[in-house]
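In: Okay, structure incoming, though there's no sequence with it:
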């Protein structure tokens, strides 16, 4: 078989193969489901967000409390913020939490866990690729 015949066969093989999907990950950060009652904002799907992050709702609540500088309370499946906020602001904070404390910077997968390192630091350990690095405590 000559090089020219081989190249023709190779071109034909590439033309017949299906196109690959742009994104292979099915991980989606959940949007917050809000309810504003007076001067309080209630996130109704806090357990769904925490389950997706594989973290405790209290940990995510503590991060939100620090970012917004307001007291919060976690009960059952809801998180109550003692001030008025809109969904866009809380979505931005949740996305920042996921990008900093959940999604691996090496392989971009959410299969991580946080280990305490002491001195105000966490170690983010990726269970998919084995990477680990320090992140600031919240």
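Out: Structure's in. What do you need? Note that the structure is a prediction, hence the values are computed from the model and not measured.

In: switch to C-alpha atoms for all contacts and neighbour counts from now on
Out: Will do.

In: excluding its backbone neighbours, what's nearest the residue most central in space within the chain?
Out: Centroid-nearest residue in the chain: residue 98, 3.1 Å away (criterion: C-alpha atoms, centre = their mean). Spatial nearest neighbour of residue 98, excluding adjacent residues (C-alpha to C-alpha, 6 or more residues apart in numbering): residue 53 at 7.1 Å.

In: What of residue 124?
Out: Per C-alpha to C-alpha, 6+ apart, closest to residue 124 is residue 114, 4.8 Å.

In: Can you give me the domain boundaries for the protein?
Out: Here the domain assignment for the chain is 27-102, 104-138, based on automatic domain parsing.

In: Nearest to residue 2, out of the ones you listed?
Out: domain 104-138 (41.2 Å; C-alpha to C-alpha).

In: In the closest one, which residues are buried?
Out: Neighbour-count burial for domain 104-138 flags 104-105, 109-114, 122-126, 132, 135, 138 (criterion: 16 or more other C-alpha atoms under 10 Å).

In: Stretch 78-96 too?
Out: Neighbour-count burial for stretch 78-96, counted by 16+ other C-alpha under 10 Å, picks out 78-83, 85, 90-91, 93-94.

In: Go through those and name the one nearest residue 1.
Out: Looking across these and measuring by C-alpha to C-alpha, the closest to residue 1 is residue 94, at 58.6 Å.

In: so which strand or helix has that closest one?
Out: helix 87-101 (DSSP states H and E).

In: avg pLDDT for the helix or strand just after that helix?
Out: Sequence-wise, the next helix or strand downstream of helix 87-101 (DSSP H and E) is strand 112-118. Taken as a whole, strand 112-118 carries a mean pLDDT of 89.

In: what sits up against the helix or strand following strand 112-118?
Out: The helix or strand immediately downstream of strand 112-118 is strand 121-126, counting by DSSP H and E. By C-alpha atoms under 8 Å, 6 or more residues apart in numbering, the residues outside strand 121-126 that reach it are 101-102, 104, 109-117, 131-137.
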